[in-house]
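Engineer: Structure of the sequence below:
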Amino acid sequence: MPELPEVETVRRQLEPLVSGAKIIDARAHRSPKFTPALEAIGSTVANIHRRGKYLLMGLLDPSQATGGQPGRELIVHLGMTGALHVDDASPNDPYERASWDLADGRTLWFRDIRRFGRIAVVPAGDHQTLPTLHHLGPEPFDPALDGPRFHRALAASRSRVKTHLLSQRPIAGVGNIYADEALWRAEVNPSVRRVGPARAEALLGHIRDVLAEALDHGGTTLRDYRTPDRSTGQNQFRLDCYGRSGRPCRRCATPLTSRELDQRTTTWCPHCQAR
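Structural biologist: Numbers count the residues shown, from 1 in each chain. Modelled structure (predicted):
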């Protein structure tokens, strides 16, 4: 599933392509997960933001002046296999789940092979109908998020530390890949239920590092992730832990191990990350 670096890479490429574009028509797969795409007809895309793993496109309705505050948001969650592209014509693709015709003749469209993505149109800032988005923790690079605050967020749950990170409550945008990477760097076992203040602060620093590095390399493409220009990420060639089960730890040479942890495949070093 695309995580913060992948979604932010998509946002950065997409914003200059569609900001200021008026949506004159739309189509959607019959699933109620995609039909809200039709509600954007007649609106103008004012901007694109990201919150956690969600893309938020600010919409100006026809009665609103250009440059005003968007009254609504078109929200897209990429799911596991979602991708957004802008083309000169409507695509002939069996995996198209939604598309928006723009006034200049181009089409913005959402491709999603496994249909785990989701589209919503809501009043700007009102995310109560999307509980995961509504309850997201702070953004990783929020300067207000410091070590003590992060430690308190981790201590608020008795879940395993990796499971709690994936809940998006203590911090937004971290998924399976970057949780494994950050925990490996911090030498924290993913199954522990308590992380002390010093280790929590170190873990926060490593989360920021792995996310920033992945952003610098366009995200991680393991199979389906593509940017709007159809490029793949390059961060998959830099992973230290995720997906390397059985291979030697880059720090101590102990073979990395892997098992399901709360239904998520997890990789760690049994020596460096001993409980």
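
Engineer: How about the secondary structure of the closest residue to Leu222 other than its chain neighbours?
Structural biologist: Spatial nearest neighbour of Leu222, chain neighbours left out: Gln236 (6.0 Å); criterion: Cβ to Cβ, 6 or more residues apart in numbering. Yep, even glycine has a C-beta here, placed from its N, CA and C like the rest. Recorded secondary structure, Gln236: helix (DSSP: H, G, I helix; E, B strand; the rest coil).

Engineer: Would you quantify the distance from Gln236 to Leu84?
Structural biologist: Note on Gln236: its distance to Leu84, by Cβ to Cβ, to the nearest Å, is 20 Å.

Engineer: neighbours of the residue nearest to Leu222, just the number please.
Structural biologist: 18 (other Cβ atoms under 10 Å).

Engineer: Quick one: the strands in the stretch 151-275 of the chain, in order.
Structural biologist: 257-261, 264-268 (DSSP state E, counting those that start in this stretch).

Engineer: what angle sits between the last one and strand 257-261?
Structural biologist: I take that to be strand 264-268. Interaxial angle, strand 264-268 versus strand 257-261 (axes from the mean of the first three to the mean of the last three Cα atoms, to 10 degrees): 150 degrees.

Engineer: in strand 264-268, what counts as buried?
Structural biologist: 266-268 (16 or more other Cβ atoms under 10 Å).

Engineer: okay, that strand in PDB with CA atoms only?
Structural biologist: C-alpha atoms of strand 264-268 as PDB (Å, rounded to 0.1, in the frame of the first residue of the first chain):
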ATOM      1  CA  ARG A 264       1.000  -8.000   8.900                       C
ATOM      2  CA  THR A 265       4.200  -9.600   7.700                       C
ATOM      3  CA  THR A 266       7.000  -8.200   9.700                       C
ATOM      4  CA  THR A 267      10.800  -8.500   9.300                       C
ATOM      5  CA  TRP A 268      13.400  -7.700  12.000                       C
END
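
Engineer: Can you list the strands that it pairs with?
Structural biologist: Applying DSSP bridges to the sheet, strand 264-268 is found paired with strand 257-261 (antiparallel).

Engineer: who touches the strand it pairs with?
Structural biologist: With Cβ atoms under 8 Å, 6 or more residues apart in numbering as the test, strand 257-261 has contacts from 160, 162-163, 190-191, 245-246, 265-270.

Engineer: And that strand, what's buried?
Structural biologist: Result for strand 257-261 [16+ other Cβ under 10 Å]: buried residues 258, 261.

Engineer: Next: stretch 25-32.
Structural biologist: 26-29.

Engineer: in the stretch 1-150 of the chain, which ranges drop under the pLDDT threshold?
Structural biologist: 65 (pLDDT under 70).

Engineer: so how many other residues sit close to the residue nearest to Glu3 when sequence neighbours are not counted?
Structural biologist: In space, and not counting its chain neighbours, Glu3 is closest to Gly175: 3.9 Å by Cβ to Cβ, 6+ apart. Neighbour count for Gly175, taken as other Cβ under 10 Å: 20.

Engineer: quick one: contacts for Gly175?
Structural biologist: By Cβ under 8 Å, 6+ apart, the neighbours of Gly175 are 1-4, 53, 166.

Engineer: Buried members of those residues into PyMOL, please.
Structural biologist: Isolation of the buried members of those (16+ other Cβ under 10 Å) is achieved in PyMOL through the command below:
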select buried, resi 1+2+3+4+53+166
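
Engineer: How is Arg12 assigned, secondary-structure-wise?
Structural biologist: With three-state DSSP as the criterion, Arg12 reads helix.

Engineer: how close does it get to Trp109?
Structural biologist: 19 Å.

Engineer: Tell me which of those two has more neighbours.
Structural biologist: Legend: neighbour count by other Cβ under 10 Å for Arg12 and Trp109, higher for Trp109 (23 against 15).

Engineer: circling back: show me the one of the strands of the stretch 151-275 of the chain that comes nearest Arg114.
Structural biologist: With Cβ to Cβ as the measure, strand 264-268 is the member of those nearest Arg114 (17.0 Å).
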